[in-house]
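K.L.:
test case, fold it:
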Amino acid sequence: MEEVPTLEEYLESLKRRDAKLEAERDAKRRKQEEAAKALKDEEEEAEASKTAMSAADAASCAATPVATAFSPDREPFVKVKEPPGEVPEPCFDVMANISGKRIGIARWLLDGSKQTTWIIGREAGKVDFADSHESCSRQHAKVQLWQGQILLTDLGSIHGTNVDGRKLVKNVPLRLTKGANIRFGASENLCIFRMPRFHTKAMIEAGRAAAPKAAPGGGGADHFRFR
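P.N.:
Next up is the predicted model:
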């Protein structure tokens, strides 16, 4: 004969069942909250990346390089394509002219997690990236990470800085675009500006922290010549 539980035992079994159901509901609720939080974090990160990219494209801080006439002994500018493969950070791939072919000899990484300004010039040991060609000034040009974009400024060098065959206005920042060909002075080395497929964390943070403020160089928006 089946034993019939007492009232106390029956009530205790109901408590255990209710406690189990409540624990299951709590676990399900926590799982849903975690999933919602993860989705929100992904959306915020995507929005931050989108904002940084929009700032880079729409901040209107790209100075138009000045066109220069070619000397009779110089061939017209022909843009060199980027080398194959991805890059982990914004960088310059330095290409030497060896037997008429462009060969990569160095990569200048622009790691924004370590610093946001880099100096290029002839004075090795006192600049971040050195080009030893005699036409390069000791401190020839400056590269900056500003509001999620990479700017290049010629620091008043004697022989100038050329981007895609055009000479930069001295002391006026230029927003670099992916694949830009850069030559400092009359150096035979060609620097190709490269970007990773996605914005790095440092670039996203720089774009996120950006607010309407004066552009590098102290002149504000009016300091730039616009496209």
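
K.L.:
show me where the chain has its strands.
P.N.:
Secondary structure of the chain, counting by DSSP state E: strands at 91-98, 101-109, 117-121, 129-130, 141-146, 149-154, 161-163, 166-167, 174-175, 181-184, 190-194.

K.L.:
out of those, flag the one nearest Leu11.
P.N.:
Taking CB to CB, strand 141-146 is the member of the strands of the chain nearest to Leu11, at 68.1 Å. Heads up, the C-betas are built off the backbone N, CA and C, glycines and all.

K.L.:
tell me the angle that closest one makes with strand 117-121.
P.N.:
Taking axes from the mean of the first three to the mean of the last three CA atoms, to 10 degrees, one finds strand 141-146 and strand 117-121 inclined to each other by 170 degrees.

K.L.:
quick one: contacts of strand 141-146?
P.N.:
Residues outside strand 141-146 that contact it (CB atoms under 8 Å, 6 or more residues apart in numbering): 61, 90, 110, 112, 116-121, 150-155, 157, 161, 173, 184, 202-203, 206, 215-216.

K.L.:
centre of the chain to that strand, how far?
P.N.:
With CA atoms, centre = their mean, to the nearest Å as the basis, the distance from the averaged C-alpha position of strand 141-146 to the chain average is 11 Å.

K.L.:
can you give the strand pairings for it, parallel or anti for each?
P.N.:
Each strand paired with strand 141-146, and its direction, by DSSP bridges: strand 117-121 (antiparallel), strand 149-154 (antiparallel).

K.L.:
so what's the residue nearest the centre of the chain closest to, chain neighbours aside?
P.N.:
By CA atoms, centre = their mean, the chain has its centre lying nearest to Met203, at 4.5 Å. In space, and not counting its chain neighbours, Met203 is closest to Gly148: 4.9 Å by CB to CB, 6 or more residues apart in numbering.

K.L.:
just for the chain, where's the confidence low?
P.N.:
Counting by pLDDT under 70, the chain contains low-confidence residues at 1-2, 49-75, 202, 206-227.

K.L.:
where is the longest helix in it?
P.N.:
Selection of the longest helix in the chain by residue count, based on DSSP state H, yields helix 7-58.
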